[in-house]
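Visitor: Predicted model follows, preceded by the sequence.
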Amino acid sequence: MDRKQLQAFLILGRELHFGRTAEQLNLTGPALGRLIRTLEAQIGVPLLTRTTRRVDLTPAGRAFLPEAHAILDRMDSATSLARRTASGHAGRLRLGYLGAANLHLLPRLWRHMSATHPDIHIEATELCTPDQRQALLAGELDAGLMALPVWHDRLNARPLIRIPLLVALPAAHPLAGHARLHLRELAQEEWLTCTPHLSTPPPEQVQALYQTFGLLPRIRAVSGTESAVVGRVAAGQGVTLVPETLVNPQQDGVAFIPLGDGVTLDVGLVTCRDARNPALGALLGSLGAVTGP
């Protein structure tokens with residue numbers, strides 16, 4: 001059955017008159033008759049009784065009438081959804097995000113997207129930067145909020161926010177009492193990053209920071225989350241960088257010292273160069289609104 005057949009049956013079921021129905025549909029009487037007969041043949045039962053004086057619905061026709069309304073409504077809804085999805089006003093968007101972005105950026109993004117694009121469903125998953133990158137390349141994510149830089153020729157990155165980074169030192173470290181430190185003062189330290197790298201900067205970002213100052217860091221990845229890495233710092237096994245939004249001032253055995261080099265965790269939106277999800281335009285618009293130009 002098709003839309004034209006259903007519309008013809010609905011109007012005929014209301015009018016119970018072939019002439020008036022044909023006029024409303026801009027059809028001839030024989031053409032309307034063929035539509036109804038074809039519909040009845042497809043369903044396999046008569047929907048109407050016809051005499052020279054009267055048209056009426058059969059019991060099957062009366063049962064089918066509200067269902068035909070529902071089918072047409074669903075067809076209209078499906079058509080509208082398809083068009084809105086193609087234009088980027090509806091659909092599904094798979095988003096990865098870094099833990100630090102969850103505290104600093106994601107709540108504002110959720111609110112803006114809910115207000116401006118309520119028909120876009122965001123499936124958000126917290127992942128470390130390397131895992132987001134792998135998921136993007138595998139087609140398992142549409143976009144990721146992750147630490148920059150991200151080095152890959154299939155990926156595009158749009159910088160969004162800069163979160164100040166503090167260095168976490170063992171409380172007994174000779175530099176732990178300083179009000180502010182510089183990276184050069186930490187050149188001989190062993191830097192700890194977590195595996196996976198959740199919200200501590202991934203090794204490539206630590207390397208990029210040090211290259212800015214002409215230094216080569218010693219990096220050691222340890223298993224566990226950010227809190228596990230900070231626990232290793234408390235045990236005197238190294239130092240790490242912690243986003244300002246994730247600093248726990250109650251952490252025992254650790255001193256969190258601001259850095260005077262303007263060192264930040266740079267978070268950006270990363271997508272594949274060949275990304276095709278139309279909802280990405282809405283996401284970019286909302287991110288621009290909540291982060292500024």
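Guide: Sure, I can see it. As the structure is a prediction and not an experimental result, all values here were calculated from the model.
Visitor: how far does stretch 91-101 sit from the chain's center?
Guide: The chain centroid and the centroid of stretch 91-101 are separated by 5 Å under C-alpha atoms, centre = their mean, to the nearest Å.
Visitor: Could you do stretch 245-256 as well?
Guide: Using C-alpha atoms, centre = their mean, the offset of stretch 245-256 from its chain centre is 31 Å.
Visitor: now Gly177, what's its secondary structure?
Guide: Judged by DSSP: H, G, I helix; E, B strand; the rest coil, the three-state class of Gly177 is coil.
Visitor: Could you measure from it over to Ala90?
Guide: 56 Å (C-beta to C-beta, to the nearest Å). For glycine as for every other residue, the C-beta is placed from the backbone atoms N, C-alpha and C.
Visitor: more neighbours, the two?
Guide: Higher neighbour count among Gly177 and Ala90: Ala90, with 20 against 10, using other C-beta atoms under 10 Å.
Visitor: which ones are touching that one?
Guide: By C-beta atoms under 8 Å, 6 or more residues apart in numbering, the contact list for Ala90 reads 81, 84, 117, 119-120, 279.
Visitor: what about the protein, any weak spots by pLDDT?
Guide: 195-210, 212-215, 217, 224-225, 293 (pLDDT under 70).
Visitor: Could you name the helices and strands sitting against the longest strand along it?
Guide: Counting by DSSP state E, the longest strand found in the chain is strand 155-170. Counting contacts by 3 or more C-beta pairs under 8 Å, 6 or more residues apart in numbering; DSSP states H and E, strand 155-170 is packed against helix 99-104, helix 129-137, helix 226-234, strand 240-243, strand 254-258, strand 264-272, helix 280-291.
Visitor: switch the cut-off to 10 Å
Guide: helix 99-104, helix 129-137, strand 143-147, helix 226-234, strand 240-243, strand 254-258, strand 264-272, helix 280-291 (3 or more C-beta pairs under 10 Å, 6 or more residues apart in numbering; DSSP states H and E).
Visitor: Show me where the stretch 1-150 of the chain has its helices.
Guide: Here the stretch 1-150 of the chain has its helices, by DSSP state H, counting those that start in this stretch, at 3-15, 18-25, 29-43, 59-86, 99-104, 106-116, 129-137.
Visitor: Now do stretch 14-32: distance from first to last residue.
Guide: 15 Å (C-alpha to C-alpha, to the nearest Å).
Visitor: which residues touch that stretch?
Guide: Residues from elsewhere that reach stretch 14-32 (C-beta atoms under 10 Å, 6 or more residues apart in numbering): 4, 7-13, 33-36, 48, 50, 54-57, 65.
Visitor: Same question for stretch 55-62.
Guide: Residues contacting stretch 55-62 (C-beta under 10 Å, 6+ apart): 9, 12-13, 15-19, 21, 36, 40, 43-50, 63-65, 68.
Visitor: Now it: buried residues?
Guide: 55, 57, 61 (16 or more other C-beta atoms under 10 Å).
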